[in-house]
Each structure stands twice: as C-alpha cells, then as structure tokens.
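A.B. asks: Predicted model and sequence below, questions to follow.
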Amino acid sequence: MLLLIPLLSSFLFEIAAGSPCKDVEVSTKSYTTEDATVLSQIAYISEFVVKCNPSSSSPGNLYALFKENIIPVANVAPNKYQLSWTEDLKTAQVGEIVVKVFDEDGYAALKKALRNGDNIQEVMQFTTVAISHPGAYKGPCISCEFLAALFSLSIAYYAVHLRVKFVS
C-alpha cells in the first residue's frame with residue numbers, strides 16, 4: 001500500500017501538469033508610440049493569444065528574451081499574454097523587432113546557458129513575437145515658437161519702417 005502512494009502521486013502530478021503545449025498558433029496585436037513630440041521614451045506593447053493543440057495544456061508562464069535581458073510576459077487572460085517595454089527615444093529601434101518567447105523549460109535552459117556562457121541561440125524557444133515600429137514623429141522641422149517669433153519680428157520691422165517713412 002505504501003508503495004502505491006508515490007506512484008499514484010506522480011500519476012496525479014502528470015495529469016495535473018498536462019502535456020506541454022504543442023502545435024502552437026500565435027496571433028498578435030502590437031502597439032508602439034508613434035508621436036514623440038513631448039515624450040522621451042518609446043513604448044512597445046505586444047498582446048498575443050496562444051492556441052495549443054486541444055490535447056495539450058496551456059503554456060503557463062512565459063518569458064521573453066530582449067537584448068540579452070529576460071523579461072517576464074504578463075498573463076492577462078487564459079492563453080492571452082502581454083509583453084511590454086520602453087526604450088529611450090534616441091536609441092529606440094525602428095522596423096520589425098522580433099522577440100523570442102520561452103516557456104518554463106526554455107526559460108530554465110536559457111538561464112543555464114546565460115550562467116555558463118553558452119550560446120543562447122541554441123536554446124529552444126516557445127515562439128517568436130514580431131513588433132513593427134515605423135518610427136516616431138518628433139515634430140516639425142521648424143517649431144511653432146520660432147515661426148511666431150519670426151512673424152513678430154517681421155511685423156515690428158515693418159511697423160518701424162513705416163514709422164520712419166511717415167516721420168521723414
């Protein structure tokens with residue numbers, strides 16, 4: 001009887017854990033800051049839905065690798081995740097940014113590879129998420145304040161010129 005307890009507990013653990021997420025389908029929506037006239041940072045947000053094979057479990061916790069930094073991915077609803085970060089306006093990336101996403105097993109292998117100095121490109125990723133950033137509008141080439149000052153100076157010059165003309 002005592003021999004059956006460890007066997008039964010391991011069987012129940014396998015049922016509770018389920019099989020890992022297989023045949024992954026990911027649909028993403030992304031947002032990036034495109035107006036940087038008054039901002040100093042660009043925000044990148046990607047919301048994605050993960051669909052697994054019906055016989056497998058949900059992916060659980062996910063982690064993203066961005067510029068050799070590991071970022072936790074927020075679980076906002078069942079099988080719905082959100083990844084976000086900010087970058088300085090001067091160093092913000094433009095174009096398509098591909099971020100690797102790892103599940104728990106991949107996260108453990110990634111941490112091990114980083115700790116040992118191994119090649120992190122060889123670690124098996126769960127999926128990738130692409131975020132497209134077209135760039136940020138930083139304002140017009142000539143600011144409105146400069147145009148107003150230039151307009152004021154031209155009116156003042158014209159007024160002084162007319163006054164000199166009438167007085168003489």
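C.D. replies: Happy to help now that I have it. These numbers were taken from a predicted model, which means no experiment stands behind them.
A.B. asks: who does the helix or strand hosting Thr128 pair up with?
C.D. replies: In the assignment (DSSP states H and E), Thr128 maps to strand 127-133. Sheet pairing here is set by DSSP bridges, and for strand 127-133 it gives strand 95-102 (antiparallel).
A.B. asks: May I see the buried residues of the strand it pairs with?
C.D. replies: Of all the residues in strand 95-102, those buried under the rule 16 or more other Cβ atoms under 10 Å are 97, 99-102. Using the backbone N, CA and C atoms, a C-beta is placed for each residue, glycine as well.
A.B. asks: for this structure, what are the low-confidence residue spans?
C.D. replies: 1-20, 55-56 (pLDDT under 70).
A.B. asks: So in the chain, which helix runs the longest?
C.D. replies: helix 144-167 (DSSP state H).
A.B. asks: how about it as CSV, C-alpha atoms only?
C.D. replies: Coordinates of each C-alpha in helix 144-167 appear next as CSV, following Å, rounded to 0.1, in the frame of the first residue of the first chain:
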residue,chain,number,x,y,z
CYS,A,144,5.8,77.0,-34.0
GLU,A,145,7.6,79.2,-31.4
PHE,A,146,10.3,80.0,-33.9
LEU,A,147,7.7,80.9,-36.6
ALA,A,148,5.8,83.1,-34.1
ALA,A,149,9.0,85.0,-33.2
LEU,A,150,10.0,85.4,-36.8
PHE,A,151,6.5,86.7,-37.7
SER,A,152,6.6,89.1,-34.7
LEU,A,153,10.0,90.4,-35.7
SER,A,154,8.8,90.9,-39.3
ILE,A,155,5.7,92.9,-38.2
ALA,A,156,7.9,95.0,-35.8
TYR,A,157,10.4,95.7,-38.6
TYR,A,158,7.6,96.7,-41.0
ALA,A,159,6.0,99.0,-38.3
VAL,A,160,9.3,100.7,-37.6
HIS,A,161,10.0,101.1,-41.3
LEU,A,162,6.6,102.7,-41.9
ARG,A,163,7.0,105.0,-38.9
VAL,A,164,10.4,106.2,-40.2
LYS,A,165,8.8,106.7,-43.7
PHE,A,166,5.9,108.8,-42.3
VAL,A,167,8.1,110.9,-39.9
